[in-house]
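Engineer: Generate a structure from the sequence data that follows.
(one chain, ligands or ions: 2)
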Amino acid sequence: VRILGIETSCDDTGVAIYDTEAGLLGHALYSQIATHQEYGGVVPELAARDHIRKVIPLVDAVLAKTQCDRTHIDGIAYTCGPGLAGALLAGSAVAKGLAFAWDVPAVGVHHMEGHMLAPMLENPAPEFPFVALLVSGGHTLLAEVKGIGQYRILGQTLDDAVGEAFDKTAKILGLGYPGGPAISKVAELGDPTRFKFPRPMIDRPGMTFSFSGLKTAALNTVNKHELDQQTIADIACAFQDAAVETLVIKCKRALQETHINRLVVAGGVGANRHLRKELQTMCDKQRAALFFPRIEFCTDNGAMIALAGAFRMHQASDDLSFQVKPRWPIDTLLPV
Ligand code: ATP
Ligand code: FE
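Structural biologist: Ligands and ions are numbered 1, 2, ... in the order given. Sure thing, here's the model as predicted:
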């Protein structure tokens, strides 16, 4: 069975074709970073308009690249939430229109389920059960995963998502948007001993996160120092070390408390090399296996949506109506 996946929840237009036997056949991505950069963040209306312009050309490109034509596609998966309403509407409407024109069923996919399953595009793929750390621009959560749609949330953030904290701290440091890659790049030049930021919530039991204090710690440090290149690098380094160490401590707790020895990490912050390295060290000590998507499938992409759609194709419908869900808690999904 071949599934065409369409992702448009935020500022990336992603399209991919996934074959349930042969795996991922091909994918393409259009990033809107250049569109939003001058505003310092994503402008929802511009995002929606850009998706409308790009989806069909990307579908054509992926079909050509994979030497498929429309008759080879058995179903369409599209992100219907959570995300920006206008962006979701753009992708969902195109997906439903294509499904009608091609006479195939379409299924709405949960964006975070897509992120969570992305490591299954790799070899070896994680088996169930596993602990999942989802770290992205809008989410920070740990979940116990027993199967598709069987998600028990172990802890979430009380305030900012960790990706959001990277983005806000980057803004404070004048590093531009998106902040995650910018911070990790300059942090390499930083002196990790100069500033020490708090590790939020680690003194309390449980797996709840809080990241807004780290951004404040960065702001207070900026206000007290001359902001030369070295100081920017040192603050970026202190911020990244604190964010990463906090995530690693909570992941260790999650593995211990669930007695599960597989950890899956997904979402844009999963692309952070320092996080990947520190999690690997922790997992080696805990004798746990660690699974990541490749770097390009950490941030938004069509491949993860095509894959998640493959698992949920039985929920697809031929009917033309659709509903986007800008807010959609992942633990309300049904098991398959
Ligand atoms: P969500 O998936 O919660 O709806 P989103 O789709 O906007 O949010 P993603 O595309 O998964 O989020 O990830 C984007 C986030 O990842 C941004 O906050 C970005 O700064 C962060 N990010 C990307 N690369 C890195 C990196 N190397 N280090 C740290 N953060 C990173
Ligand atoms: Fe995302």
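Engineer: I figured residue 81 hits residue 329, correct?
Structural biologist: No - counting by C-beta atoms under 8 Å, residue 81 does not reach residue 329; the two are 10.1 Å apart. No exception for glycine: its C-beta is placed from N, CA and C like everyone else's.
Engineer: OK, contacts around the residue in the stretch 101-250 of the chain positioned nearest to ligand 2?
Structural biologist: Nearest residue of the stretch 101-250 of the chain to ligand 2 (C-beta to the ion) works out as residue 136 at 4.6 Å. The contact partners of residue 136, by C-beta atoms under 8 Å, 6 or more residues apart in numbering, come to 112, 115, 161, 163, 267-269.
Engineer: Kindly confirm my reading that residue 26 is in a strand.
Structural biologist: Yes - with DSSP: H, G, I helix; E, B strand; the rest coil as the criterion, residue 26 is part of a strand.
Engineer: Need the pLDDT of it.
Structural biologist: The per-residue pLDDT reported for residue 26 equals 98.
Engineer: just use 70 as the starting number from now, easier for me
Structural biologist: Let's use 70 as the start, then, which means that last one is residue 95.
Engineer: who touches the spatially closest residue to it that is not a sequence neighbour in this structure?
Structural biologist: Distance criterion C-beta to C-beta, 6 or more residues apart in numbering; nearest residue to residue 95, sequence neighbours excluded, is residue 135 at 4.0 Å. Residue 135 makes contact with 86, 94-95, according to C-beta under 8 Å, 6+ apart.
Engineer: And the buried ones among those residues, selectable in PyMOL?
Structural biologist: The following PyMOL line selects those of those that are buried, judged by 16 or more other C-beta atoms under 10 Å:
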select buried, resi 86+94+95
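Engineer: for the residue lying closest to residue 188 once chain neighbours are set aside, which residues make a bridge with it?
Structural biologist: Excluding the flanking residues, the one nearest residue 188 by C-beta to C-beta, 6+ apart is residue 360, at 4.2 Å. Beta-bridge pairing for residue 360 (DSSP bridges): residue 333.
Engineer: from what I can see residue 360 touches residue 332, true?
Structural biologist: Yes - counting by C-beta under 8 Å, residue 360 touches residue 332, with 7.0 Å between them.
Engineer: residues shared between the contacts of those two?
Structural biologist: residue 199.
Engineer: Give me the more crowded residue out of those two.
Structural biologist: More neighbours surround residue 332 than the other of residue 360 and residue 332, with 26 against 20 (other C-beta atoms under 10 Å).
Engineer: gap between that one and ligand 2?
Structural biologist: Noted for residue 332: a distance of 19 Å to ligand 2, by C-beta to the ion, to the nearest Å.
Engineer: now residue 393
Structural biologist: 15 Å.
Engineer: near ligand 1, which residues of the stretch 70-219 of the chain?
Structural biologist: Residues of the stretch 70-219 of the chain found near ligand 1 (C-beta under 6 Å from any ligand atom) are 78-79, 152, 180, 184, 205-208.
Engineer: Can you tell me the element residue 122 falls in?
Structural biologist: According to DSSP states H and E, residue 122 maps onto helix 113-134.
Engineer: Show me what that helix is packed up against.
Structural biologist: Secondary-structure packing of helix 113-134 (3 or more C-beta pairs under 8 Å, 6 or more residues apart in numbering; DSSP states H and E): strand 71-76, strand 81-88, strand 92-100, helix 102-106, helix 154-171.
Engineer: Show the buried residues in the residues of the stretch 70-219 of the chain next to ligand 1.
Structural biologist: Those of these that meet the buried threshold are 78-79, 152, 180, 184, 205-208, by 16+ other C-beta under 10 Å.
Engineer: wait, what's in contact with residue 173?
Structural biologist: The neighbourhood of residue 173, defined by C-beta under 8 Å, 6+ apart, consists of 142-145.
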